[in-house]
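Visitor: Model the structure of this input:
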Amino acid sequence: MKRFGIALTALLAAACNGEKAADPTPAAPAAPVYKESWFSGGDAAPTLQLHETQYGLHGRILDQLGKFYPVRGISRTETSLAFTVPSLDAAFNATKTPEGAWAGKWEQIGHPAEDVSLAQLPGALEAQPAPDGSDARFVSLPDGRQMFIHCIGSGTPAVLFDSGAGSDSSAWPGAWQETGKATLACTYDRAGLGLSDPGPLPRDTSAVANDIEALLTAAKIPGPYILVGHSLGSYHIRQFANTRFDQMAGMVLVDPSGDGQEARFMAAIPKAFASSKAQMDAMKSLNCVANLRAKLVAKADKLAQDCLGNDADIIESYLSEVDAMAVVSTEQLTKSRRQWGALPLIVLTRGDYDKEMPPTFSAEDRKGMQKVWVAMHEEMTALSTAGKHITVPGAGHSIQRDKAQAVIDAVAEVLAAARATKP
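Guide: Numbering: from 1, shown residues only. Have a look, this model is predicted:
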């Protein structure tokens, strides 16, 4: 099984174990124990990982090349097992053999069905160091959910990158890799996105900030931290800073979304705002989550294309995060808002308002958006006496893609300032 450990390090987090308080203190209720199981089909078949959580079964498939894919819609009884793997356009339906293996059909759209037998392994796969020295792993939260985090480098303070709406840890290749040359740099997948298990709804900013703290604790990454957030990701890291300020060493906001921006845009550019919401409204009218859960839908299917994917859990998480922005998340940020003292802070703002804009946006609409956008960013900058606001010429909303060096330089500057002010 050596091939399974090449791409990732520390693939598994141990199951949560309850500890009893020492006498004479009354024993606290034991923490729940969430079981984890691995099933192997041998070198010619995928490997299956299943783990219990407070919210039911979750899991993932590991293919022959060492790549993971989330497993969805798991149905398991004493004698049957079924699940789908939307990202592979695949499904598995099996029954238990007298020997305790799951034997059934692996059906992948566009390929002949295959007979696959998955035998339970006596333990977890052994993790092996990745060739590049990185640390990519799944860590278990107290509720049993497993989240994906990928760290490179070493040093303090650690830097954690949080992506924008619908994005995952893959959104930060350049900035993350360069930062890893100077300190411990980590990207992660939020609940329901990428390889992380979905979390309970709603996915508002407080829920995500709680997940960040639980993730960093479970991954044994000590604070204080420098947090980097793009777009919607700024909601989460600002909420973390507001409610856990003693754990903060610095912050970089990359073209961040602002508190109550929906109402601000509605007032400033109502026509353009209505256009930008059209895709969300269309996804809801198609009932994407329910229809994609009802049966496996190929990625090439029109429904999947209109729904921006065929994975119901990813779409549900995305819609919940975006829906929460307007009221719930904004109210949470407003309630927790505080000054950040002299916290090293850089706010990066796009300089190009033509890139990635809906075709219905007029020149006046773009000017209106720029006015609102810059005003919100100046407000965020003012929360720290050390705040610095930088406009990045030629960059659209995805500054980390258009002008990655601007993000690299901002993180390096905040890192240097954090180290200089460390007591």
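
Visitor: use CA for all of it now, contacts and neighbours both
Guide: Noted.

Visitor: tell me the domain ranges of this structure?
Guide: Per automatic domain parsing, the domain ranges recorded for the chain read 2-11+33-120, 135-279+312-421.

Visitor: Dump these into a markdown table; add mean pLDDT, mean neighbour count and distance to residue 293 as well.
Guide: Shown next, in a markdown table, are the domains of the chain (pLDDT from 0 to 100; neighbours: other Cα atoms under 10 Å; distance: least, Cα to Cα, whole Å):
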| stretch | mean pLDDT | mean neighbour count | distance to residue 293 |
| --- | --- | --- | --- |
| domain 2-11+33-120 | 87 | 18 | 7 |
| domain 135-279+312-421 | 94 | 20 | 6 |
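
Visitor: can you redo those as CSV with distance to residue 289?
Guide: Below are the domains of the chain laid out as CSV (distance: least, Cα to Cα, whole Å):
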stretch, distance to residue 289
domain 2-11+33-120, 12
domain 135-279+312-421, 5
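
Visitor: Compare those domains and give me the one nearest residue 287.
Guide: Nearest of the domains of the chain to residue 287, taken as Cα to Cα: domain 135-279+312-421 at 10.2 Å.

Visitor: how about residue 188, phi and psi?
Guide: Per-residue torsions, residue 188: phi -150, psi 160 (degrees, to the nearest 10).

Visitor: Just want to check the distance between residue 145 and residue 221.
Guide: Separation of residue 145 from residue 221 (Cα to Cα, to the nearest Å): 18 Å.

Visitor: What ranges does the stretch 251-400 of the chain have for its strands?
Guide: Using DSSP state E, counting those that start in this stretch, the strands found in the stretch 251-400 of the chain span residues 345-350, 387-392.

Visitor: Mind naming the longest strand for the protein?
Guide: The longest strand of the chain (DSSP state E) is strand 68-76.

Visitor: That one packs against which elements?
Guide: Counting contacts by 3 or more Cα pairs under 8 Å, 6 or more residues apart in numbering; DSSP states H and E, strand 68-76 packs against strand 56-62, strand 80-85.

Visitor: mind checking which of these is nearest residue 199?
Guide: For residue 199, the closest of those is strand 56-62, at 10.8 Å, according to Cα to Cα.

Visitor: what pairs with the closest one, and is each one parallel or antiparallel?
Guide: Applying DSSP bridges, strand 56-62 is found paired with strand 47-53 (antiparallel), strand 68-76 (antiparallel).

Visitor: Looking at those, which is nearest to residue 114?
Guide: Ranked by Cα to Cα, the member of those that lies closest to residue 114 is strand 47-53, at 14.7 Å.

Visitor: and that closest one, how far from the chain's centre?
Guide: Distance of strand 47-53 from its chain centroid, counting by Cα atoms, centre = their mean, to the nearest Å, is 19 Å.

Visitor: Can I get that strand in CSV? Just the C-alpha atoms.
Guide: Output of strand 47-53 as CSV, limited to C-alpha atoms (Å, rounded to 0.1, in the frame of the first residue of the first chain):
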residue,chain,number,x,y,z
THR,A,47,-9.7,2.5,-1.6
LEU,A,48,-12.7,3.7,0.5
GLN,A,49,-12.5,5.6,3.8
LEU,A,50,-15.7,6.0,5.9
HIS,A,51,-15.9,7.9,9.2
GLU,A,52,-18.8,8.6,11.6
THR,A,53,-19.7,12.1,12.6
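
Visitor: what's that strand in contact with?
Guide: Outside strand 47-53, the residues that touch it by Cα atoms under 8 Å, 6 or more residues apart in numbering are 34-41, 57-63, 118, 143-145.

Visitor: Same question for stretch 318-330.
Guide: Identification of contacts with stretch 318-330 by Cα under 8 Å, 6+ apart yields 165-166, 193, 201-206, 235, 259-263, 280.

Visitor: What is the end-to-end distance of that stretch?
Guide: Stretch 318-330 stretches 17 Å from its first residue to its last (Cα to Cα).

Visitor: mind checking how far it is from the chain centre?
Guide: That offset, for stretch 318-330, works out to 15 Å (Cα atoms, centre = their mean).
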